[in-house]
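Pasting the sequence and the predicted model now:
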Amino acid sequence: MADKKDVQFEEVQANDPGEKVINRAIGFWEKFSRPIIYGGSLLILVVGGYYAYDNFYKAPREEKAADAIFYAQRYFEKDSLNLALNGDGQHAGFEKIAGSYSGTKAGNLAKFYTGVCALNLGDANKAIKFLKDFSTDAKEIQTIAYSRIGDAYAELGKNDDALEYYEKAAHHYPEHEGLSSDNLFRAGMLCETLGKEDKAAAYYKEIKEKYARTEKGYQIDKYLARVGIVE
């Protein structure tokens, strides 16, 4: 026969809220331990995999891309555009860097340089391809990219597309008055050559209203007069 104290202790245990919680927890763990372990392992693998990718793949790749683009940039600064674009046989040019280091910051920047070099070397289609594939949060550089796309389309005689990108460049970073007025001016000049004087006048008026103190703004009355607007 069980001791009375032992019976009382067992009864207290059975009615103890804390004991019930523990028992439930044990039951829960027995039932769900396998999926919890698997789920936790998966989370560790994902986090660990991302850390490994970021530190042992992405970071060294970024460093290699930055080293590779250095020589191409030097050629670009010297106006040796063919060497900058295609390399010198020992060091890669922008086009190869853009392909080899896709997904890196330097690889993305190489797309911009490839587009600019190609445009200046007479390959407007290549310029459009690479400049459209380029993007950056640096508004000044992105504005220039839009502007060069406009130039490339103008080279190809695709005037509606050219105007679209000149407008995009003019309004992407309005705080930069020089770039904005320059792209409005490009749009106006293109319209003039197409005989669309009313549309040209609209671009010139925008320069006069918003960017009167820029280089283009100081000259704009002359261009307004050319399209019949005298103020």
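Happy to help now that I have it.

Need the pLDDT of I229.
Looking at I229, its pLDDT is 75.

Count the residues that sit near it.
18 (other C-beta atoms under 10 Å). Using the backbone N, CA and C atoms, a C-beta is placed for each residue, glycine as well.

And it, which helix or strand is it part of?
Under DSSP states H and E, no helix or strand contains I229.

now that we're looking at it, how far away is E209 from it?
Going from I229 to E209 by C-beta to C-beta, to the nearest Å gives 12 Å.

Same check on D133?
D133 is 35 Å from E209, by C-beta to C-beta.

who has more neighbours, these two?
Ranked by neighbour count (other C-beta under 10 Å), D133 and E209 place D133 first, with 15 against 10.

what's near enough to touch the closest residue to that one other than its chain neighbours?
Distance criterion C-beta to C-beta, 6 or more residues apart in numbering; nearest residue to D133, sequence neighbours excluded, is K111 at 5.3 Å. By C-beta atoms under 8 Å, 6 or more residues apart in numbering, the contact list for K111 reads F94, A98, F130, L131, D133, F134.

Most neighbours out of the residues you listed, which is it?
In the contacts of K111, the most neighbours by other C-beta under 10 Å go to F94, 31 neighbours.

Tell me if I'm right that it and A110 touch.
Yes. In this structure F94 lies within contact range of A110 using C-beta atoms under 8 Å: 4.5 Å.
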